[in-house]
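>>> sequence and predicted structure, then a few things I'm wondering about:
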Amino acid sequence: MAKVKNPTRPLAVVNVLPQADGQNKIVVCIMPDPAALAGERESRAAIGLDASLSIKEWFGTPGPFGGGTNYVQPVARKLGEILCGVTRDGKTNLFYWALGPGDEFEEIGTFGVKEMASADVSGPKKHVWGKGTRLLPAVQHVVETVGVGAAWVMGIIVTDGVIDDEPECMEYCRNLGQWLRENSHVTMKLVLIGLGPQVDASQLVRFDDMFEGTELENDIDLWSHGLVLDIKDDEEIVGVVFGELMSEKIIVAPEGKVLDAGGNVVVRFSDGLPGKFQFLLPKGCRSFTLQAGGQEVVQDISSVL
């Protein structure tokens, strides 16, 4: 499935899956209202930032003389401010992971919206930059520390390298998936953001699809993922993080419809436009138009055909 880069807002994610007959299945996620995701439940959120040596330059500390532009800090603050609107107490936890030998983490702090705007995200203070990338400690921090007692938990984890402990982390997540199915009142979502050219994209996909083909496939969707080549593109990061959180159950407009490039209606939503939906585009069609809420959004998909 190919993903359209920088979809037309308010579309957050547009995936294109070619069919054997030449048509294309289109899966669309609308940019959500963050507050609608958690509702009134006890909700917590955390952002884990890779602090391995390879990402050090993005923090504005590229060499012995320091300096440079810190691109991580404004993105972390922006994501944090949005997540503060989701959590019950209006706060979000920030932490570094992949420190030391790759399995250490360091708390940055827990901030509200006002504090988040000035949070110091300039790199680790107590630990050294990492020489490995072990994901499990970061996941455990989100699940076993930040998320304890919450009914809705979200963890955003940013990495720029290859994850060294994939088997151990997968095993932990499989057990977590079983627990979530048995405790259906708890919703948990982890979003893995791959930054830069060194990321193993296939590894991120394996995490995202880890329950496909298992007994949990229709019940648990623990992971989402996205790839971002440049952390300076904060709008793309925000779209990746929140776009795939939408579902068919969340209604974003009273009604809507999708037209193909020729103006023909391919799908109509008379009972409400869901935050996530799919449809088939005819063979040779390279764009579609979504009409909803008195607005018209045109999306070109030719870049991924």
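Ah, there it is. Residues are numbered from 1 along each chain as shown.
>>> helices along the stretch 101-250 of the chain, start to end?
Counting by DSSP state H, counting those that start in this stretch, the stretch 101-250 of the chain has helices at residues 113-116, 136-141, 166-182, 201-208, 234-243.
>>> comparing these by mean pLDDT, which bottoms out?
Sorting these by mean pLDDT places helix 234-243 lowest, at a mean of 71.
>>> got the contact list for it?
5-7, 9, 11-13, 29-32, 34, 74-75, 78-79, 82, 156, 191, 193, 226-228, 231 (C-beta atoms under 8 Å, 6 or more residues apart in numbering). C-beta: built from backbone N, CA, C; applies to glycine.
>>> weed out the non-buried ones from those.
7, 11-13, 29-32, 34, 75, 78-79, 82, 156, 191, 193, 226-228, 231 (16 or more other C-beta atoms under 10 Å).
>>> what about those, which are in strands?
If you go by DSSP state E, the buried ones among the contacts of helix 234-243 have 11, 12, 13, 29, 30, 156, 191, 193, 226, 227, 228 in strands.
>>> who does the third one bridge with?
This means residue 13. residue 29 (DSSP bridges).
>>> for the helices of the stretch 101-250 of the chain, which one sits closest to residue 214?
Smallest distance to residue 214 across these (C-beta to C-beta): 8.1 Å, for helix 166-182.
>>> before we move on, the earlier item: could the helices of the stretch 101-250 of the chain be laid out in TSV, adding mean neighbour count and distance to residue 277?
Listed next are the helices of the stretch 101-250 of the chain as TSV, based on neighbours: other C-beta atoms under 10 Å; distance: least, C-beta to C-beta, whole Å:
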stretch	mean neighbour count	distance to residue 277
helix 113-116	16	31
helix 136-141	20	30
helix 166-182	15	25
helix 201-208	16	19
helix 234-243	20	13
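>>> tabulate these (a markdown table), appending distance to residue 263.
As requested, the helices of the stretch 101-250 of the chain are exported to a markdown table (distance: least, C-beta to C-beta, whole Å):
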| stretch | distance to residue 263 |
| --- | --- |
| helix 113-116 | 44 |
| helix 136-141 | 47 |
| helix 166-182 | 44 |
| helix 201-208 | 35 |
| helix 234-243 | 27 |
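>>> between those, which one is nearest to residue 294?
Here helix 234-243 is closest among those (C-beta to C-beta), at 22.1 Å.
>>> is residue 109 in a bridge, and if so with what?
residue 94.
>>> so that it lines up with my notes, have the first residue be 385 from now on.
Yep, numbering from 385; the last one is residue 493 now.
>>> that one against residue 500, yeah?
No. Taking C-beta atoms under 8 Å as the definition, residue 493 is not a contact partner of residue 500, at 9.5 Å.
>>> for the stretch 485-634 of the chain, give me the ranges with low pLDDT.
Applying pLDDT under 70 to the stretch 485-634 of the chain flags the ranges 613-620, 628.
>>> now residue 534: how far from residue 541?
17 Å (C-beta to C-beta, to the nearest Å).
>>> looking only at neighbour counts, state which of the two leads.
Using other C-beta atoms under 10 Å, the more surrounded residue of residue 534 and residue 541 is residue 541, with 26 against 19.
>>> what's the nearest residue to the more buried one if we skip its chain neighbours?
residue 432 (4.3 Å; C-beta to C-beta, 6 or more residues apart in numbering).
>>> phi, psi of the one you found?
Here is the backbone geometry of residue 432 (degrees, to the nearest 10): phi -110, psi 120.
>>> wait, doesn't it sit right on residue 538?
No. With contact defined as C-beta under 8 Å, residue 432 does not reach residue 538; the gap is 11.5 Å.
>>> residue 601: which of the helices of the stretch 485-634 of the chain is closest?
Short answer: helix 550-566, nearest of these by C-beta to C-beta, at 10.0 Å.
>>> name the helices or strands packed onto that closest one?
helix 520-525, helix 585-592 (3 or more C-beta pairs under 8 Å, 6 or more residues apart in numbering; DSSP states H and E).
>>> turn the ones you listed into TSV, columns for distance to residue 569.
Listed next are the helices and strands packed on helix 550-566 as TSV, based on distance: least, C-beta to C-beta, whole Å:
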stretch	distance to residue 569
helix 520-525	21
helix 585-592	24
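>>> this completes my enquiry, with thanks.
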